[in-house]
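*Asks:* need coordinates for the below:
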Amino acid sequence: MKVDQLTAFFVRQWLQSPDEFSMEENGFSPIEKKKRERQVSSFLKTLKNLNGEMSTHQLSEFVLRELRVLFKTVFNYRSDQLDLMFSPEMMQSTRQFVKKAKAFGSELSIASIFQACRNVWIMNGLQLVLGKPVQLTPAIFAYSMLYPYTDNFVDDPLVGRDEKLAFSQRFASRLVGEAVLPENEHERQIYRLVAMIEGQYDRSHFPGVYQALLGIHRAQTQSMTLLNNEQLSQEQALTICIEKGGTSVLADGFLIAGQLNEQQQQFLFGYGAYLQLLDDIQDVKEDLNDGLMTAFSIAARQQPMDAVIGKTFNFGAQILNDSRPVIQRVSLDFEGLLQKSILLFLIESVAIDNQYYSKHFQQRLEKLSPLSFRYIREKRNFFTPQKHVMFDKLEALTKARKKQLA
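*Replies:* Down below sits the predicted model:
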């Protein structure tokens, strides 16, 4: 596992990617968009009118069933792609994770649990790619839970740099296997999660697992230099972001399989880099407000982001194309699902943060959108994961039912 070489390789690949966003000009007519918008509004109305009489399991099943219909009729996902997204194994893993997460950290918000759940979904998909059963393992639970406990702490602009560095040093010592006493309840929870991973993977038999965890930890620590650093160049910020994303999903792979070959490592690192860049695109407004200097927040201060969006999309397409020998072990269309989901993700990002893109670029991209940009902005609490209305609704209904049963 050579993180420096992988980082340099993918930085070069992004810089060399074409900046023209190749788009099919035929898309959805205004009439088609209106029809699909009515379907989304109907779904949201149904969700709003749900009551607490159903059990939590019934509520979840109902929402997921309706969501599958929505994805097919509004967003044109094919049945085989939906089979992958909504497989019984994926749904069971999700339900188990949410239940365990609430039991583990009652102080966590639904937004934090959803953030962690996104990593569970990524890891469940990678289980298919790596030839493993789709299930929630102790390592998947623990690593996904580390996100709200460590990533958000490191990115929090209200926490001082010295405090972050002191925590980082203690956490690194714990990751290498030292007995470290937690400074507070927050750290105690983090060390409990590390212990769960140790329970699944013996350090002497699976050294790659812990090297990967140290890799993402170092990258996460390095990302602290992005905060309020006006001297940072766009390429330096890009390098930090690619290393952080790449090491994160590389760790996913090791925690799934225990061991990986070089081909698998290259795919996972590139895929992780791509996901991190997509997250940075979505978070550009928030990052600018917080003084976080990612490659995209730097670009957004200088010019419209049309070209960097094109570069990123083409960068991801190249990663998926180069990784076909790894991806093709999945019988279902994993590559097609990723490409479609990523395009919709970019459409949403441009619609919501439209001030960072040229009018011409927005007009071209809106043609590909099944919904108008006006409607996406109006319903942003449905489309933006951090404020996901479905999870909020399910949480409220679950609490209401618990009170009824008390």
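
*Asks:* list the contacts for the nearest residue to residue 147 once chain neighbours are set aside?
*Replies:* With Cβ to Cβ, 6 or more residues apart in numbering as the criterion, residue 147 has its nearest non-adjacent residue at 5.0 Å, and that residue is residue 116. (Each C-beta comes from the backbone N, C-alpha and C, glycine too.) Residues near residue 116 by Cβ atoms under 8 Å, 6 or more residues apart in numbering: 97, 101, 144-145, 147-148.

*Asks:* same thing but at 7 Å, please
*Replies:* 101, 144-145, 147-148 (Cβ atoms under 7 Å, 6 or more residues apart in numbering).

*Asks:* and what about it, helix, strand or coil?
*Replies:* helix (DSSP: H, G, I helix; E, B strand; the rest coil).

*Asks:* scan this protein for its longest helix.
*Replies:* helix 234-257 (DSSP state H).

*Asks:* could you give the average pLDDT over it?
*Replies:* Mean per-residue pLDDT for helix 234-257: 93.

*Asks:* got the CA coordinates for that helix in CSV?
*Replies:* The C-alpha trace of helix 234-257 is given here as CSV (Å, rounded to 0.1, in the frame of the first residue of the first chain):
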residue,chain,number,x,y,z
GLN,A,234,-5.5,24.8,-5.6
GLU,A,235,-3.2,21.9,-6.4
GLN,A,236,-2.1,21.6,-2.8
ALA,A,237,-5.7,21.5,-1.6
LEU,A,238,-6.5,19.0,-4.3
THR,A,239,-3.7,16.7,-3.1
ILE,A,240,-4.9,16.8,0.5
CYS,A,241,-8.5,16.1,-0.5
ILE,A,242,-7.6,13.2,-2.8
GLU,A,243,-5.4,11.6,-0.2
LYS,A,244,-8.2,11.9,2.4
GLY,A,245,-10.8,10.4,0.2
GLY,A,246,-8.6,7.8,-1.2
THR,A,247,-7.3,6.5,2.1
SER,A,248,-10.8,6.5,3.5
VAL,A,249,-12.3,4.1,0.9
LEU,A,250,-9.0,2.1,0.9
ALA,A,251,-9.6,1.5,4.6
ASP,A,252,-13.2,0.5,3.7
GLY,A,253,-11.7,-2.2,1.5
PHE,A,254,-9.3,-3.6,4.1
LEU,A,255,-12.0,-3.6,6.7
ILE,A,256,-14.2,-5.6,4.4
ALA,A,257,-11.7,-8.1,3.1
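
*Asks:* nearest the geometric middle of this structure, what residue?
*Replies:* Nearest residue to the geometric centre of the chain (Cα atoms, centre = their mean): residue 118, 5.2 Å.

*Asks:* wait, isn't residue 300 in contact with residue 284?
*Replies:* Yes: assessed by Cβ atoms under 7 Å, residue 300 is found in contact with residue 284 at 5.2 Å.

*Asks:* any shared contact partners between those two?
*Replies:* Common contacts of residue 300 and residue 284, defined by Cβ under 7 Å, 6+ apart, comprise residue 356.

*Asks:* okay, these two: which has more neighbours?
*Replies:* residue 284 (24 against 21; other Cβ atoms under 10 Å).

*Asks:* so how far is residue 199 from the more buried one?
*Replies:* Distance of residue 284 to residue 199, computed by Cβ to Cβ, to the nearest Å: 39 Å.

*Asks:* likewise residue 303?
*Replies:* 50 Å.

*Asks:* would you put the C-alpha positions of the one helix or strand residue 72 maps to in PDB?
*Replies:* Element membership of residue 72 [criterion: DSSP states H and E] is helix 56-73. Extracted in PDB, the C-alpha atoms of helix 56-73 (Å, rounded to 0.1, in the frame of the first residue of the first chain):
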ATOM      1  CA  THR A  56     -41.100   1.300  13.200                       C
ATOM      2  CA  HIS A  57     -40.500  -1.700  10.900                       C
ATOM      3  CA  GLN A  58     -43.700  -1.100   9.000                       C
ATOM      4  CA  LEU A  59     -42.900   2.600   8.600                       C
ATOM      5  CA  SER A  60     -39.400   1.800   7.300                       C
ATOM      6  CA  GLU A  61     -40.800  -0.800   4.900                       C
ATOM      7  CA  PHE A  62     -43.500   1.600   3.600                       C
ATOM      8  CA  VAL A  63     -41.000   4.400   3.000                       C
ATOM      9  CA  LEU A  64     -38.500   2.200   1.300                       C
ATOM     10  CA  ARG A  65     -41.200   0.700  -0.900                       C
ATOM     11  CA  GLU A  66     -42.500   4.100  -2.000                       C
ATOM     12  CA  LEU A  67     -38.900   5.400  -2.400                       C
ATOM     13  CA  ARG A  68     -38.200   2.500  -4.900                       C
ATOM     14  CA  VAL A  69     -41.200   3.500  -7.000                       C
ATOM     15  CA  LEU A  70     -40.100   7.100  -6.900                       C
ATOM     16  CA  PHE A  71     -36.500   6.300  -8.000                       C
ATOM     17  CA  LYS A  72     -37.900   4.300 -11.000                       C
ATOM     18  CA  THR A  73     -40.600   6.700 -12.200                       C
END
